[in-house]
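Chemist: Predicted model and sequence follow; I will ask about them next.
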Amino acid sequence: LAGKRRLAHTIRDLPAVGPGLVALRDAYRRARFPGSANHWESTYQSGGNSGPGSYGVLAQFKAGFLNDFVAREGVSTVLEFGCGDGNQLSLVEYPRYVGLDISPTAVNLCRAKFAEDDSKKFDVYRPNMGMRADLTLSLDVLFHLVEDAVFDSYLDDVFSSADRFVILFTSDSDRFRAPRQTPEVKHRPVPRIVRERFPDWQLVEERANPRPYDGDAMSSSFANFYVYARPVTG
Ligand SMILES: C[S@@+](CC[C@H](N)C(=O)[O-])C[C@H]1O[C@@H](n2cnc3c(N)ncnc32)[C@H](O)[C@@H]1O
C-alpha cells in the first residue's frame with residue numbers, strides 16, 4: 001500500500017502531465033462509483049474495513065472522548081448510525097448499544113464479533129426505523145454520504161432518534177477545504193446545516209482531533225467532534 005501511494009505521489013508530481021493524469025483518473029473513478037451504499041457493501045465483502053479513522057491513534061482518540069462523555073453525562077442508551085466493522089466500538093464502553101449500518105456484511109461482522117455481549121445489538125439501517133436512545137452517534141459517516149437525499153434523510157434520523165444528545169465526528173467544509181474530492185467523499189458545512197435544520201439543538205461542545213488533516217488520509221483526519229444537546233422542554 002505504501003508503495004502504491006508513493007507511486008501515486010510521483011505521478012501527481014510529474015511536471016505538466018501529472019495534474020492531467022490525476023484529473024483523468026478522478027473522472028474515471030467518479031464514473032465508476034456505484035453509490036455510497038454499494039461502495040461500502042463491496043468494501044466489506046472484499047475484506048476491507050471501516051478505514052483509518054476506525055483504527056490506531058484516531059480510534060483511540062474517538063474512544064477516549066466517547067467514554068468520558070458517556071460516563072460524565074450518565075448516558076444509558078446509545079444508537080449509532082453507521083457502526084462499521086466494530087473495531088471502533090470494541091474500544092468504547094456503553095451500557096446499552098444498538099449499531100445500525102447500511103452494509104449487511106458490516107452488520108454480520110459486528111454480530112459475530114459481539115455475539116457474547118448482550119448489551120449490544122445490530123441491524124441493517126433503513127430510513128425512518130423509529131428507534132430512540134439517550135445519545136445518537138454518527139462517527140466518520142456524514143462525509144461519505146455523497147448523495148444529497150441520502151445525507152438529508154440520514155441526518156433527520158440521527159437527530160429525531162436522540163432523546164438527549166447527538167455526537168457527530170465529521171468534517172466542516174466552512175473551515176476545511178479539501179484539496180481534491182474523491183468519489184466516496186463529499187464535505188459539507190455540517191455545523192451550519194445543523195444550525196439551519198435543527199435550530200433547537202444546541203452545540204454544547206467541540207473537540208478537535210489530535211491529527212488534523214495533513215494530506216495523508218491514512219494518518220490524519222479532517223473530522224472533529226460536535227456535541228449537540230436537545231433543549232429541555234416544559
Ligand atoms: C468510515 S466507516 C465508520 C464506521 C464507524 N462509525 C467508526 O467510526 O469506526 C463509515 C460507515 O458508514 C456506513 N454507512 C455508509 N452509508 C450509510 C448510511 N446511509 N446509513 C448508515 N450507515 C452508512 C458504512 O457502511 C461504513 O460502515
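Modeler: Happy to help now that I have it.
Chemist: hey, let's count contacts and neighbours off CA atoms from now on
Modeler: OK.
Chemist: quick one: low-confidence ranges for the protein?
Modeler: The model of the chain has pLDDT under 70 over residues 1-6, 8-9, 11-12, 234.
Chemist: which outside residues touch the strand ranked longest in the chain?
Modeler: Within the chain, and with DSSP state E defining each element, the longest strand by residue count is strand 162-170. Contacts to strand 162-170, defined as CA atoms under 8 Å, 6 or more residues apart in numbering, come from residues 132-143, 158-159, 190, 222-230.
Chemist: Give the partner strands of it in its sheet and their orientations.
Modeler: Using DSSP bridges, the neighbouring strands of strand 162-170 in the sheet come out as strand 133-139 (parallel), strand 224-229 (antiparallel).
Chemist: Report the next helix or strand after the longest one in sequence order.
Modeler: Following strand 133-139 in sequence order, the next helix or strand is helix 148-160 (DSSP states H and E).
Chemist: contacts for that following helix?
Modeler: By CA under 8 Å, 6+ apart, the residues outside helix 148-160 that reach it are 81, 127-128, 136-138, 142, 145, 166, 198.
Chemist: hmm, try it at 6 Å
Modeler: With contact meaning CA atoms under 6 Å, 6 or more residues apart in numbering, helix 148-160 is reached by residue 145.
Chemist: Which residues belonging to that helix are considered buried?
Modeler: 154-155, 157-160 (16 or more other CA atoms under 10 Å).
Chemist: what distance separates it from the centre of its chain?
Modeler: When distances are taken as CA atoms, centre = their mean, to the nearest Å, helix 148-160 is centred 13 Å away from the chain's centroid.
Chemist: quick check, nearest of the buried residues of helix 148-160 to the ligand?
Modeler: Nearest to the ligand among the buried residues of helix 148-160: residue 154, at 6.1 Å, using CA to the nearest ligand atom.
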